[in-house]
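Engineer: Test case, fold it:
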Amino acid sequence: MVQVRGESGLKAAPPITNDRICVLMNARAGKDDKQDVARQMEAAFARHPGRFELRMMEKGAGVADSCARAMKDGFGIIVAAGGDGTISGIAGQLAGSGRRMGIVPQGTFNFVARGLGIPEDIDAAVDLIATGTARPFPVGEVNGEIFLNNASLGIYPQILKEREGTYKRWGRSQLAAHWSVLMTFLSFRSPVRMKVRVGGKEIRARTPLAFVARSAYQLEHYGLDGADCIRNGEFALFLLPDVSRWQLLLSALKLANKGMQSKRDFELIRGSDIEIETTKGSQLVAMDGERVRMTAPFRFRMHEDALHVIAPDEVAATDAAAPDAAVA
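Structural biologist: Next comes the predicted model:
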């Protein structure tokens, strides 16, 4: 957990100039043979002698400990090789540290990398890390925990639980991920009563899902409104209406077909500082594919310059900071 202190928010220290690179690889992310992926990365590293070191994070090895060791060992660039959950976990440890962060996408969806315009090809991603420029990257935070794509209360933590079981039975794939959504929507029975405070206003709601989005790319991928407010430094908060399970299933099908519409299918609320209070004090919060139990109230804050992330110079990306804010 990253402890964010003060009202001014979390801000990265000036980038550390050490150019040694530690790659932290999640041995369980994605669906590829990790030994084969490791060999591909080592071959790519050879084009940049003396720069890269690969460290595998096996089951039970914590991201926090792995990052702490890499920082103690003096690496100026620390790379997340894994899916969005791994990337988010490493970002949470590096936020505010001054270390530059690199990404080698190895997940199922890779929303963070795609939003930044980072190539999914291993050779291209490694070359970018070795020669590219770091730029400020905004992060979301809820009660001291960092997230990059989204955080949510309600049905989504249950979707993640169902997805874990589906992955164990059938392996990781986008089809398996979508199937877990459908199955959870059919069985969900516990909407959340909440008060939402944003911009001096209070909204009372009873909803199966409060979804706080920080990734413009992810919203555009699913055809959802709100990408514009994210680019303006705000969150997009989606509140689904309290409907039947079959109507929830219909919503899932609409989402898969990019057919969800504001006001008809959800309420969209914008703000850079959002507080959600629930009648149940303790809730599971889903963040970038991981689940964490937290105690209400849940305060969501945006931190604009918390990370230095290596990304392409010409950003066709939707989630990066403006090109003229680049950090050398």
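
Engineer: The worst-scoring helix or strand of the chain on mean pLDDT packs against which elements?
Structural biologist: None of the helices or strands of the chain scores lower by mean pLDDT, DSSP states H and E than helix 174-187, at a mean of 72. In terms of contact count using 3 or more C-beta pairs under 8 Å, 6 or more residues apart in numbering; DSSP states H and E, helix 174-187 is assigned the packing partners helix 155-170, helix 245-256. The C-beta positions use only the backbone N, C-alpha and C, and glycine is treated the same way.

Engineer: could you dump those helices to TSV with mean neighbour count and mean pLDDT?
Structural biologist: Shown next, in TSV, are the helices and strands packed on helix 174-187 (neighbours: other C-beta atoms under 10 Å; pLDDT from 0 to 100):
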stretch	mean neighbour count	mean pLDDT
helix 155-170	18	76
helix 245-256	17	74
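
Engineer: Out of those helices, flag the one nearest Ser187.
Structural biologist: Ser187 sits nearest to helix 245-256 of all these, at 7.3 Å, using C-beta to C-beta.

Engineer: State the mean pLDDT of the next helix or strand after that closest one.
Structural biologist: Remark: after helix 245-256, the chain's next helix or strand is strand 267-271, criterion DSSP states H and E. What strand 267-271 shows for mean pLDDT is 96.

Engineer: Any chance you could give me strand 267-271 in CSV, C-alpha atoms only?
Structural biologist: Extracted as CSV, the C-alpha positions of strand 267-271 are listed here (Å, rounded to 0.1, in the frame of the first residue of the first chain):
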residue,chain,number,x,y,z
GLU,A,267,-25.5,7.5,-14.4
LEU,A,268,-22.1,9.2,-15.2
ILE,A,269,-20.5,11.4,-12.5
ARG,A,270,-17.3,13.4,-13.1
GLY,A,271,-14.8,14.6,-10.5
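
Engineer: That one pairs with which strands?
Structural biologist: strand 235-239 (antiparallel) (DSSP bridges).

Engineer: for the protein, which strand is longest?
Structural biologist: strand 298-311 (DSSP state E).

Engineer: between that one and strand 235-239, what angle do the directions make?
Structural biologist: Orientation of strand 298-311 against strand 235-239 (axes from the mean of the first three to the mean of the last three C-alpha atoms, to 10 degrees) gives an angle of 130 degrees.

Engineer: Can you list the strands that strand 298-311 pairs with?
Structural biologist: strand 100-105 (parallel), strand 133-142 (antiparallel), strand 273-278 (antiparallel).

Engineer: Can you give me the neighbour number for Arg51?
Structural biologist: Residues lying near Arg51 (other C-beta atoms under 10 Å) number 14.

Engineer: how close does the residue of the chain positioned farthest from its centre get to Glu42?
Structural biologist: Most distant from the centre of the chain: Pro49, at 31.3 Å, with distances by C-alpha atoms, centre = their mean. Look at Pro49 and Glu42: by C-beta to C-beta, to the nearest Å, they are 12 Å apart.

Engineer: circling back: turn the strands paired with strand 298-311 into CSV, including distance to Ile203 and mean neighbour count.
Structural biologist: Below are the strands paired with strand 298-311 laid out as CSV (distance: least, C-beta to C-beta, whole Å; neighbours: other C-beta atoms under 10 Å):
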stretch, distance to Ile203, mean neighbour count
strand 100-105, 35, 26
strand 133-142, 18, 22
strand 273-278, 10, 19
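
Engineer: Ile90: which of those is closest?
Structural biologist: strand 100-105 (6.9 Å).

Engineer: Check what contacts that closest one and list those residues.
Structural biologist: For strand 100-105, the external contacting residues (C-beta atoms under 8 Å, 6 or more residues apart in numbering) are 15-16, 21, 23, 25, 41, 76-81, 83, 87, 90-91, 94, 112-114, 116, 118, 120, 122, 125-126, 128-129, 134, 137, 307-310.

Engineer: at 6 Å instead, please
Structural biologist: Applying C-beta atoms under 6 Å, 6 or more residues apart in numbering, the contact partners of strand 100-105 are 15, 77, 79-81, 87, 94, 113, 118, 120, 125, 129, 134, 307-310.

Engineer: what element comes up after it heading to the C-terminus?
Structural biologist: helix 111-116.

Engineer: Tell me the helices and strands packed up against the helix or strand just after that next one.
Structural biologist: On the C-terminal side of helix 111-116, the nearest following helix or strand under DSSP H and E is helix 122-131. Applying 3 or more C-beta pairs under 6 Å, 6 or more residues apart in numbering; DSSP states H and E, one finds that helix 122-131 contacts helix 34-45.

Engineer: Can you point out the buried residues in whichever helix or strand comes after the helix it packs on?
Structural biologist: As assigned by DSSP H and E, the chain's next helix or strand after helix 34-45 is strand 52-57. For strand 52-57, the neighbour count (16 or more other C-beta atoms under 10 Å) marks 52, 55, 57 as buried.
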